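Asks: Any chance you can model this:
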Amino acid sequence: MSRPVHVELCEVGPRDGFQFEAKNIPTELKISLIRNLIRAGIPRIQVTSFVHPRNVPQMADAEQVVAALLDGPCTMTGLALNTKGVERAAASGLKGVDLSIATNEQHGIDNANMSVEEGVLQAEKMIRLGVDAGLEVQLNVQTVWGYRAPGDTPLERIIKMAHRFADSGLASFSLADSTGMANPDSIQEVIDAVRSVSSVPLVLHLHDTRGLGIANITAALEMGVDRFDTSLGGLGGCPFIPGATGNVATEDTVYLLDQLGIQHGIDNAIVAATSRQVSDFLERDLSGKMYRLY
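Replies: Residues are numbered from 1 along each chain as shown. Alright, predicted model coming up:
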């Protein structure tokens, strides 16, 4: 396949990034930062997660954040990990909900104290609930390219999951390299395998823990993939993954797309300025590269 003419980025920093920060990020600041990202032309933003505030205190203001942003021109979504979360997402007025399940048995236990099959059964309930509520539902499958070691998530399991959910009403199916263990060859292998059993639009959620994020996006572009999750400044991580960093930085991805002549509609200077604002607030450098250069 040829490279896409246009790529859609989903900014996940306000959820995947903010939730791991120890320093409390005020609701007003979150709203201001997200409005900057909307002004930059980012077409899709994951603005929060609907989880219990005891587990993720940084997301305790989910409904407040959503209520302040509903008049924005972009598609806004929130993460839900159970049926209660889906119900909250629907009640909030969001257009879409993102679901996330494990593909690796050990990661399922570590992250949710749930086996892979238990997670799949729960996802089936959440998808039905979300579709019935009129939401665009995206299912994210985690650690596709490995959890403790590259390849310790069987590819056959990913294929079976893709097939199982192919006719479930999903708007999109997201493959997550949660640990940053993918390489360009394995990216293309998994994309080929999933496409052989499902025509649901693919999204890639690639972390940059081992520095191959941009290379992996390039490999996916060569396969015609046109939707990616990115995070301003490279914010993010995972408490169960040693040394984990966030998704590939939004600014770095936009710069790559510019160099390849691929359209995206994003003003990278505004995104970079927003990342610098976050960096100043957190009083540390972020892992992305290009946000410093605009």
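Asks: Backbone dihedrals for Ala219, please?
Replies: phi -60, psi -40 (degrees, to the nearest 10).
Asks: Residues contacting stretch 113-125, please?
Replies: 82-83, 99, 101-105, 108-109, 112, 139, 157, 161, 164-165, 168 (Cβ atoms under 8 Å, 6 or more residues apart in numbering). In this view, the C-beta of every residue, glycine as well, is placed from N, C-alpha and C.
Asks: let's see it at 6 Å
Replies: Outside stretch 113-125, the residues that touch it by Cβ atoms under 6 Å, 6 or more residues apart in numbering are 83, 99, 101-102, 105, 108.
Asks: Could you identify the buried members of those residues?
Replies: 99, 101-102, 105, 108 (16 or more other Cβ atoms under 10 Å).
Asks: Return the subset of the contacts of stretch 113-125 lying in helices.
Replies: 83, 105, 108 (DSSP state H).
Asks: excluding its backbone neighbours, what's nearest the second one?
Replies: Ranked by Cβ to Cβ, 6 or more residues apart in numbering and with sequence neighbours excluded, the top spatial neighbour of Glu105 is Val116, at 5.6 Å.
Asks: do you know how far the one you found is from Ile101?
Replies: 8 Å (Cβ to Cβ, to the nearest Å).
Asks: possible to save the ones in helices among the contacts of stretch 113-125 as a markdown table with pLDDT and distance to Ile42?
Replies: Output for the ones in helices among the contacts of stretch 113-125, formatted as a markdown table (pLDDT from 0 to 100; distance: Cβ to Cβ, whole Å):
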| residue | pLDDT | distance to Ile42 |
| --- | --- | --- |
| Thr83 | 96 | 29 |
| Glu105 | 91 | 35 |
| Gly108 | 85 | 31 |
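Asks: Just the closest of those residues to Asp185, please.
Replies: Glu105 (24.9 Å; Cβ to Cβ).
Asks: Give me the distance between the closest one and Pro154.
Replies: Going from Glu105 to Pro154 by Cβ to Cβ gives 10 Å.
Asks: do the same with Ala62
Replies: Taking Cβ to Cβ, one finds Ala62 at 34 Å from Pro154.
Asks: Then Asp285?
Replies: 37 Å.
Asks: again with Lys160
Replies: 9 Å.
Asks: Of those two, which one has the most company?
Replies: Lys160 (14 against 11; other Cβ atoms under 10 Å).
Asks: Just want the phi and psi numbers for that one.
Replies: Dihedral angles (degrees, to the nearest 10) for Lys160: phi -60, psi -40.
Asks: Now render the contacts of stretch 113-125 as CSV, adding distance to Pro73.
Replies: Converted to CSV, these look like this (distance: Cβ to Cβ, whole Å):
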residue, distance to Pro73
Thr83, 30
Leu99, 25
Ile101, 31
Ala102, 34
Glu105, 42
Gly108, 37
